[in-house]
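J.: Need the 3D shape of this:
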Amino acid sequence: MAATEAEPAPEPQPAFEPFSTLKSYDISDQLEESGSWFKILRAPLLVLLLIILSIVGFHYYQRTKFVNKVSSTLAQDAALIEEIGSYEKNNRTINYQEAIRKCNEQVRKRDGFIELLNAADPYLYKKVLDDSIALLRAENDYVKAKRNYYENVFLWKTAREQDEMIKRMQSGKTENVNLSIQELGPETEAIKEARAKVAAAVDAVNKARELLSQAAKDFIDLPSQSQLIVPETIK
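T.: Residues are numbered from 1 along each chain as shown. As a prediction, this is how the structure comes out:
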């Protein structure tokens with residue numbers, strides 16, 4: 001009996017690997033491809049970033065320039081209002097010629113402030129700029145009303161003292177005449193009307209202050225405003 005041919009030995013089976021279906025791969029190609037895209041996009045991204053920074057920087061510059069100009073102007077204006085108020089409060093008697101001179105000087109300076117703000121670039125803040133100019137104009141009207149009041153009092157006082165001087169000279173007296181308020185007599189209607197105009201101007205300024213305060217809220221630190229004075233009696 002012929003010997004049977006030996007069956008070939010079975011090929012060894014690979015050992016079981018639970019994650020054998022997950023083949024490892026080299027990611028260098030993907031990284032190289034991503035790097036290429038980054039190189040391509042880097043220049044446009046940098047340009048875009050520079051544009052954004054330029055816009056933000058320009059906005060900040062314009063805002064800062066506007067705020068500084070308006071704040072500085074309003075601070076100088078507030079000092080003028082304080083000056084005219086202090087002159088009245090701190091003097092028992094008023095030199096009306098000096099008061100008129102101060103008013104003229106203040107009107108001239110405030111006209112300069114108005115001209116300065118009119119020439120300013122409002123950028124995105126036209127409402128704030130318009131209300132600031134409106135306040136300056138209202139305050140100038142107030143100072144002009146005060147000046148008109150001072151002028152009327154000065155003319156009345158001067159006329160009364162001249163009349164009294166003539167009377168004294170006729171009786172042989174030559175001393176200077178400086179009548180007290182009681183000796184001057186009743187006010188003229190012109191003085192009363194001038195005082196009423198001052199009161200109306202005060203109301204207008206207060207309204208302008210309120211409008212500016214609303215427009216500039218959380219934007220510009222407005223200077224403290226002194227209380228406006230309506231002269232109740234002649235000094």
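
J.: If you count contacts, what does the lengthiest helix in the chain end up packed against?
T.: Determined from DSSP state H, the single longest helix within the chain is helix 28-89. Where contact means 3 or more Cβ pairs under 8 Å, 6 or more residues apart in numbering; DSSP states H and E, helix 28-89 is packed against helix 96-118, helix 126-170. The C-beta positions use only the backbone N, C-alpha and C, and glycine is treated the same way.

J.: which one of those helices lies closest to residue 43?
T.: Across those, the minimum distance to residue 43, taken as Cβ to Cβ, is reached by helix 126-170, at 38.4 Å.

J.: Please work out the angle formed by the directions of that closest one and helix 28-89.
T.: Between the axis of helix 126-170 and that of helix 28-89 there is an angle of 10 degrees, by axes from the mean of the first three to the mean of the last three Cα atoms, to 10 degrees.

J.: for helix 126-170, packing partners?
T.: Helices and strands touching helix 126-170, as assessed by 3+ Cβ pairs under 8 Å, 6+ apart, comprise helix 28-89, helix 96-118, helix 181-184, helix 189-215.

J.: tell me the angle of that helix relative to helix 189-215?
T.: Going by the same axes, to 10 degrees, helix 126-170 makes 160 degrees with helix 189-215.

J.: Tell me the gap between helix 126-170 and the middle of its chain.
T.: 28 Å (Cα atoms, centre = their mean, to the nearest Å).

J.: Kindly report the same for stretch 124-133.
T.: Per Cα atoms, centre = their mean, the displacement of stretch 124-133 from the mean C-alpha position of its chain is 8 Å.

J.: For it, output the C-alpha coordinates as CSV.
T.: As requested, C-alpha coordinates have been extracted for stretch 124-133 and formatted as CSV (Å, rounded to 0.1, in the frame of the first residue of the first chain):
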residue,chain,number,x,y,z
LEU,A,124,-19.8,110.3,15.0
TYR,A,125,-20.8,112.7,17.7
LYS,A,126,-22.7,115.5,16.0
LYS,A,127,-25.4,115.6,18.6
VAL,A,128,-22.9,116.2,21.4
LEU,A,129,-21.2,118.9,19.3
ASP,A,130,-24.4,120.6,18.4
ASP,A,131,-25.6,120.6,22.1
SER,A,132,-22.2,121.9,23.3
ILE,A,133,-22.4,124.9,20.8
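
J.: where in this protein is pLDDT low?
T.: Counting by pLDDT under 70, the chain shows low-confidence ranges at 1-41, 169, 172-182.

J.: Now with 50, please.
T.: Low-confidence segments of the chain (pLDDT under 50): 1-3, 16, 19, 22-23, 25, 31.

J.: Understood, closing this out.
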